[in-house]
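Asks: Take a look and give me a structure for this.
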Amino acid sequence: MLLSDPFTKALRDTSRSMLTWAVAITAVGTMYASFWPTMQSPEMIEAMAAYPEGMLEAFNFSDVTSPAGYLGSAVFGLLIPLLVAVFGITAGARSIAGDEEAGSLDLLLAHPVGRAKAALQRFAAVAVWLALTGALLWLALVAIRGPAEFTAVGVGDLAAMSLHLVLFGMAFAALAYGVGAATGSRATALGVGAVVAVLGYLANAVLPQVEALAWTRDISPFHWYLAGDPLVDGVQMSGVLLLVGFAAVLVSAGTWRFTQRDIAV
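Replies: Got it, this is the predicted structure:
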């Protein structure tokens with residue numbers, strides 16, 4: 001019966017690795033958030049002021065003088081989104097292409113379940129794990145708001161930033177899923193996902209420092225995720241719609257191609 005329920009099977013089969021990712025990302029985010037009190041010391045402020053502005057922009061450290069600015073830079077601006085992107089790419093590539101290369105996908109499709117339904121339910125399982133990661137990180141940050149002295153950042157604003165983070169991860173998961181579903185190659189899915197992640201980061205944080213390349217920021221998933229300062233102004237619908245639309249197009253295209261091609265056995 002479990003083989004005829006791709007969603008539940010995917011959740012069960014990936015539970016150990018996905019929970020490890022979720023806990024690790026939450027731990028890293030919580031650790032960096034807890035450093036906020038140390039950033040208020042005169043020595044740290046002086047040290048940060050000594051860094052070149054271009055270097056700070058490249059690492060998304062544009063503002064570390066306020067709790068929202070620090071969290072947006074140190075927690076949600078660099079390491080955590082990169083970890084979430086890797087998480088999404090790895091999970092998305094595995095959802096179809098990984099199991100196809102392992103020879104287990106044909107066994108699933110031998111049961112009375114349509115290809116499109118099976119593929120979409122497997123991506124839905126990835127989305128659940130990403131949502132759980134965002135929820136765990138949000139709960140952890142809410143729990144340390146008082147001890148870490150960033151109560152100026154509201155619970156709702158932390159939720160908005162966590163939502164953006166989840167959708168950002170889903171966009172990269174959708175990219176790897178779509179490429180993997182279309183090609184049946186996990187390596188190709190991982191490679192394309194990695195290239196887009198690197199180029200997207202450069203397009204948001206590095207290339208715009210050259211005035212002629214400022215337009216690249218607008219096509220970067222990192223910009224869609226960070227633009228509008230969700231930690232201050234809440235959910236930014238333009239970024240949300242771009243991330244959701246990006247994911248929807250890739251999932252739809254990958255699923256359609258998956259239903260048309262032969263499966264490797």
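Asks: Give the helix, strand or coil label for the spatially most central residue of the chain.
Replies: Taking C-alpha atoms, centre = their mean as the criterion, G169 is the residue nearest the geometric centre of the chain, at 2.0 Å. Judged by DSSP: H, G, I helix; E, B strand; the rest coil, the three-state class of G169 is helix.
Asks: correct me, but it touches L132?
Replies: No: counting by C-beta atoms under 8 Å, G169 stays clear of L132, with 11.0 Å between them. Backbone N, C-alpha and C define where each C-beta goes, glycine included.
Asks: show me where pLDDT drops low in the stretch 151-265 of the chain?
Replies: Along the stretch 151-265 of the chain, the model assigns pLDDT under 70 to residues 264-265.
Asks: Now do the contacts for L132.
Replies: M18, A22 (C-beta atoms under 8 Å, 6 or more residues apart in numbering).
Asks: Name the residues of the one helix or strand it maps to that come out as buried.
Replies: Taking DSSP states H and E as the definition, L132 sits inside helix 115-144. Burial within helix 115-144, assessed by neighbour count using 16 or more other C-beta atoms under 10 Å, is assigned to 115, 118-123, 125-127, 129-138, 140-141.
Asks: Same check on stretch 248-255?
Replies: Buried, per 16+ other C-beta under 10 Å, within stretch 248-255: L250, V251, G254, T255.
Asks: The first one in helix, strand or coil?
Replies: It refers to L250. Under the three-state scheme (three-state DSSP), L250 adopts helix.
Asks: Let me know the distance separating the closest residue to it other than its chain neighbours from P230.
Replies: Leaving aside its sequence neighbours, L250 sits nearest to G178 (C-beta to C-beta, 6 or more residues apart in numbering; 3.7 Å). Counting by C-beta to C-beta, to the nearest Å, the gap from G178 to P230 is 26 Å.
Asks: Over to A212?
Replies: From A212 to P230 the distance is 29 Å (C-beta to C-beta).
Asks: Who has more neighbours out of the two?
Replies: With neighbours defined as other C-beta atoms under 10 Å, A212 and P230 compare such that P230 has more, 25 against 8.
Asks: Just read off the phi/psi values of that one.
Replies: Per-residue torsions, P230: phi -60, psi -30 (degrees, to the nearest 10).
Asks: cool, and G146?
Replies: Main-chain dihedrals, G146, degrees, to the nearest 10: phi -70, psi -60.
Asks: That one: neighbour count?
Replies: Neighbour tally, G146, other C-beta under 10 Å: 9.
Asks: cool, L241 as well?
Replies: Other residues close to L241 by other C-beta under 10 Å number 12.
Asks: Now do the same contact list for T14.
Replies: A91, R94, A125, W129 are the contacts of T14 under C-beta under 8 Å, 6+ apart.
Asks: Next, format these as TSV and append distance to M39.
Replies: What follows is those, written out as TSV (distance: C-beta to C-beta, whole Å):
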residue	distance to M39
A91	33
R94	37
A125	38
W129	31
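Asks: if we can go back for a sec, quick one: mean pLDDT over the helix holding L132.
Replies: For helix 115-144, the mean per-residue pLDDT is 94.
Asks: And that helix, how far out from the chain middle?
Replies: 10 Å (C-alpha atoms, centre = their mean, to the nearest Å).
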